[in-house]
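A.B. asks: attaching a predicted model along with its sequence, questions to come.
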Amino acid sequence: MKINLVRLTTSGLAVVGTSLGMAFLNATSPIELLDFANFGRFSSRQAFAQDAEEDVSVRVYQTANPAVVSIKTKDGNGSGSIISTDGLILTNAHVVSGSRTVQVVLADGSKLQGEVIAFGEPGLDLAAIQVSGQNNLPTIQLADPASVAVGQRAFAIGNPFGQFQGTFTTGIVSRIDSNQGLIQTDTAINPGNSGGPLLNNRGELIGINSAIYAPRGSAGNIGIGFAIAIDRVEPFLTAVRDGTAPRVAQPPQLLRDGQEAKQIAPNSPAVEGQLTTESSTLESDNSYFDAYTFEGKAGQQVVIEMSSSEVDAFLILLAPDGRNLAQDDDGGGSSNARLVVPALPADGTYTVLANSYGPGETGRYNLRVATGGATVRQ
């Protein structure tokens, strides 16, 4: 998924800033600025509304934050939500994929060991962690799926960048994608928030924060984040509790029905391919891709190159368990992509997605793979 992970500035002449501020206040405040008898007074109604809004935010944070955890793996950090007093934790599959045990850091700083016990079905980025020896942990309640609506307030708590545990951000539900089971929100979500809760104004969980989207060149969150909706979370929890959920991460179902990945032989001449409207499509951004597989060995170096004069090449490498191992846009110079992985993590079948950066791009390309330290030459 091509998710790229702005600073507001204030400047200008004092006269301009003052006049703009006066115009804004006059447009939004019940006080008439030319009425000098009332100049500078705050409307009690407005102050009450602000106080009430602040009270909601404080209450949501105080209700939910004790049950939000930071999750540390050998590969990175994420967030999670405790949903049972005995330590069942919800997070994203991509946070814990490849790990059997993780470190769970509670809101008070306590550290526990957790076992990854379940994963979502293909295409459902959910996982469950169980900590042992607990019976009185704080929990987050699940919201009624029917209560989620566009326009309602939304709150996120998590550990952005693995450094700021307990960070609280607010926004609204911007869009609901029922087909993909996603809630879109403008609540600020950053790397490290993955797996943390999206909450309603009662502190109930309405989604699991999973991804953000930003166009090329943006430097951070631009207000388009995605959470897995509660109506997809509940069936997963049922499967976890009755023991039918997968115990290992499931490779995503990427290809269109009837299409198969093509085998590509490492260290052979480049293969020629073409992205068309009949190619498979990444749901995250509606870009086309072709899938190729090759056999790799643990510790083996791999170099993958995709060149094209017709599309902006983008490469994605998936590990045998389906997790996103690496990706590249312009590493090959110009609009060409080049991936270098110093050491593959395991023996198995690896998948290369020969992709375009933008949605709807079609055109021809060349793709080649080298393993075992061999050098790929143009």
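C.D. replies: Done, it's in.

A.B. asks: quick one: secondary structure of the closest residue to Phe161 other than its chain neighbours?
C.D. replies: Across the structure, with C-beta to C-beta, 6 or more residues apart in numbering as the measure, the residue nearest Phe161 apart from its sequence neighbours is Gly192 (4.8 Å). For every residue, glycine as well, the C-beta is placed using N, CA and C. With DSSP: H, G, I helix; E, B strand; the rest coil as the basis, Gly192 sits in coil.

A.B. asks: C-terminal to the helix or strand Ser210 falls within, what's the next element?
C.D. replies: Using DSSP states H and E, Ser210 sits in strand 205-212. Reading on from strand 205-212 to the C-terminus, the next helix or strand found by DSSP H and E is strand 225-229.

A.B. asks: what's that following strand in contact with?
C.D. replies: Outside strand 225-229, the residues within contact range by C-beta atoms under 8 Å, 6 or more residues apart in numbering are 92, 124-126, 145, 148, 156, 176, 181-189, 198, 206-213.

A.B. asks: quick one: the strand or helix carrying Val369 to chain centroid distance?
C.D. replies: Val369 belongs to strand 363-371 when elements are defined using DSSP H and E. Strand 363-371 has its average C-alpha position 28 Å from the chain's average C-alpha position, going by C-alpha atoms, centre = their mean, to the nearest Å.

A.B. asks: that one pairs with which strands, and in what direction?
C.D. replies: Here strand 363-371 is paired, per DSSP bridges, with strand 271-275 (antiparallel), strand 302-307 (antiparallel).

A.B. asks: export the ones you listed as CSV, with columns for mean pLDDT.
C.D. replies: Formatted as CSV, the entries for the strands paired with strand 363-371 read as follows, by pLDDT from 0 to 100:
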stretch, mean pLDDT
strand 271-275, 96
strand 302-307, 96
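
A.B. asks: okay if I get the ones you listed as JSON lines plus mean neighbour count?
C.D. replies: Formatted as JSON lines, the strands paired with strand 363-371 follow (neighbours: other C-beta atoms under 10 Å):
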{"stretch": "strand 271-275", "mean neighbour count": "17"}
{"stretch": "strand 302-307", "mean neighbour count": "24"}
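
A.B. asks: closest to Gly109 out of those?
C.D. replies: Closest approach to Gly109 among the strands paired with strand 363-371 (C-beta to C-beta): strand 302-307, 39.9 Å.

A.B. asks: all the strands of the stretch 1-150 of the chain, residue numbers only.
C.D. replies: In order along the chain, the stretch 1-150 of the chain carries the following strands (DSSP state E, counting those that start in this stretch): 68-72, 77-82, 88-91, 101-105, 111-119, 127-131.

A.B. asks: buried ones among the contacts of strand 225-229?
C.D. replies: Applying 16 or more other C-beta atoms under 10 Å to those, the neighbour count classes 92, 124-126, 148, 156, 176, 181-189, 198, 206-213 as buried.

A.B. asks: pull out the buried positions in the strand holding Val369.
C.D. replies: Judged by neighbour count (16+ other C-beta under 10 Å), strand 363-371 contains these buried residues: 363, 365-371.
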